[in-house]
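>>> Turn this into a model:
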Amino acid sequence: MGVAPPIRQMIRQATSALDEPFSNAAIRDWVVQRWPETNRGSIDADIITCTVNQQSRVQYTQNQAPRVAEDERYDLLYRVDRGRRVVYDPEVHGAWRIARTPAGDLVVVCDDVPPGVEDAPAPAAARPITQAQIDAANRLRGLLVGWAATEEAFDRLREQHPGFDLPSCLLKAAAINDLYSTRVYAVWRMAKHITEVAGELPDDPVEAVQVIGRLPDGGGGTRRSFASKFGHFFIDPNRFPIFDSYCERMVALHLGTEELVRDGTNPYRAFKANIDRLRELSGIDATYRELDRYLWLTGQYREWLDKGDEAQINSELRQLFEGPSPEAARALKALLG
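Numbers count the residues shown, from 1 in each chain. Now for the predicted structure:
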């Protein structure tokens, strides 16, 4: 078949052959059928890169500077529904572009906006979390048997093995890594490391997460997600908020660009500052555990609403979203506020 073309050209050929609107899966299957060696993840990434109204396209190199969406190499698609796209037509879909906010963030905007908006929309204002949303998340957690059992298992493990001797740390590290998929591949070394540093952890939870997560000879990275979960479940749930990508994105969505703290050198420091600020602005009496339930649930629900079958989300949550009981449906509606 000769040398394969760039994936974006494969996608363009797929859109010419498929009937609109086409799904992400249809594009991917069409490409793989003709170029079987093509990486499916790379196809998905290029679909996002080439979709003019997909906010997450700014994460990719081709879109990391302000520009008008008129480059025929990268501005191919327009998202019309969850996981469904058509060929982009500026006359039909508006003139889209990538702009920079006053806070320095890259955003996707359409020029069909009210007069007076030039480079980008105004920074989003903070949107507090309501007690009704927290209550909805707690009700949904009660319907999710696997999630509830996982939390209970962690709590029992903490009660029955309160210390940080090596066997206890091995049990705890293995449980966190397996049940939360935190991708720590050297669990034994991590458990030994925690045993060695447990007696001298800093009082500051941010610094403690740094110490726990920085595994010696671990390639120089810091496993902050694992360390925050270890701290939350096995040290003090009231001092260590759980750090993951869904929670981080939801906190940023609620706070908006004006209130958001950024720290490229220590994302957990920024996350803790932001979640504390959001709790203060919201005026709710919610624990970190309850905030995590709301943020994680809502983040995954929004992902499912956005991408449908293409969403990479928890399997138990997917079952809930796809076939909710009347009780769950009411709670999901309240979750979105």
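>>> going forward, measure contacts between C-alpha atoms and count neighbours the same way
Noted.
>>> can you map out the strands along the stretch 1-150 of the chain?
When assigned using DSSP state E, counting those that start in this stretch, the strands of the stretch 1-150 of the chain occupy the ranges 22-23, 67-68, 77-81, 84-87, 96-100, 106-110.
>>> right, and those - which one's nearest residue 189?
Counting by C-alpha to C-alpha, residue 189 lies closest to strand 106-110 out of the strands of the stretch 1-150 of the chain; the figure is 39.6 Å.
>>> which stretches of this structure aren't confidently modelled?
By pLDDT under 70, the low-scoring segments of the chain are 1-2, 82-83, 102-103, 112-125, 218-220, 257-258.
>>> pull the longest helix from it.
helix 288-307 (DSSP state H).
>>> now for that one, which elements pack on it?
Where contact means 3 or more C-alpha pairs under 8 Å, 6 or more residues apart in numbering; DSSP states H and E, helix 288-307 is packed against helix 131-143, helix 245-259, helix 315-322.
>>> again, only this time at 10 Å
Helix 288-307 sits against strand 77-81, helix 131-143, helix 224-234, helix 245-259, helix 267-282, helix 315-322, helix 326-335, with contacts defined as 3 or more C-alpha pairs under 10 Å, 6 or more residues apart in numbering; DSSP states H and E.
>>> rewinding a little: can you list the strands of the stretch 1-150 of the chain in TSV and add distance to residue 180 and mean neighbour count?
Compiled in TSV, the strands of the stretch 1-150 of the chain are given as follows (distance: least, C-alpha to C-alpha, whole Å; neighbours: other C-alpha atoms under 10 Å):
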stretch	distance to residue 180	mean neighbour count
strand 22-23	30	20
strand 67-68	39	16
strand 77-81	30	19
strand 84-87	30	20
strand 96-100	35	22
strand 106-110	31	22
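>>> Quick one: closest of these to residue 247.
Ranking these by their distance to residue 247 (criterion: C-alpha to C-alpha) puts strand 106-110 first, at 20.0 Å.
>>> For the closest one, list the C-alpha coordinates in PDB.
The C-alpha coordinates for strand 106-110 follow below in PDB (Å, rounded to 0.1, in the frame of the first residue of the first chain):
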ATOM      1  CA  LEU A 106      -5.700  29.300  25.400                       C
ATOM      2  CA  VAL A 107      -9.400  28.900  24.600                       C
ATOM      3  CA  VAL A 108     -11.400  28.000  21.600                       C
ATOM      4  CA  VAL A 109     -13.900  30.700  20.600                       C
ATOM      5  CA  CYS A 110     -16.200  31.600  17.800                       C
END
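>>> residues making contact with it?
Here strand 106-110 makes contact (C-alpha atoms under 10 Å, 6 or more residues apart in numbering) with 52-59, 63-69, 90, 93-101, 119-121.
>>> Give me the buried positions along stretch 229-241.
Counting neighbours by 16 or more other C-alpha atoms under 10 Å, one finds that the buried residues in stretch 229-241 are 229, 230, 231, 232, 233, 234, 235, 237, 239, 240, 241.
>>> ok, those residues vs residue 157, which is closest?
The closest of these to residue 157 turns out to be residue 234 (C-alpha to C-alpha; 8.2 Å).
>>> related to what we said a few turns ago, let's have the strands of the stretch 1-150 of the chain in CSV, adding distance to residue 194.
As requested, the strands of the stretch 1-150 of the chain are arranged in CSV below (distance: least, C-alpha to C-alpha, whole Å):
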stretch, distance to residue 194
strand 22-23, 46
strand 67-68, 47
strand 77-81, 46
strand 84-87, 46
strand 96-100, 42
strand 106-110, 39
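>>> and of these, who's closest to residue 209?
Taking C-alpha to C-alpha, strand 106-110 is the member of the strands of the stretch 1-150 of the chain nearest to residue 209, at 29.4 Å.
>>> all helices for the stretch 101-250 of the chain, in order.
Counting by DSSP state H, counting those that start in this stretch, the stretch 101-250 of the chain forms helices over residues 131-143, 145-160, 166-180, 187-197, 205-213, 224-234, 245-259, given from the N-terminal end onward.
>>> Just say which of those is most tucked in.
Of those, the one with the most neighbours on average (mean count of other C-alpha atoms under 10 Å) is helix 224-234, at a mean of 23.
>>> Let me know the angle separating that one from helix 288-307.
140 degrees (axes from the mean of the first three to the mean of the last three C-alpha atoms, to 10 degrees).
>>> Tell me which other helices or strands helix 224-234 touches.
On a contact count with 3+ C-alpha pairs under 10 Å, 6+ apart, helix 224-234 meets helix 145-160, helix 166-180, helix 205-213, helix 267-282, helix 288-307.
>>> what packs against the first one?
Spelled out, that is helix 145-160. helix 131-143, helix 166-180, helix 224-234, helix 315-322.
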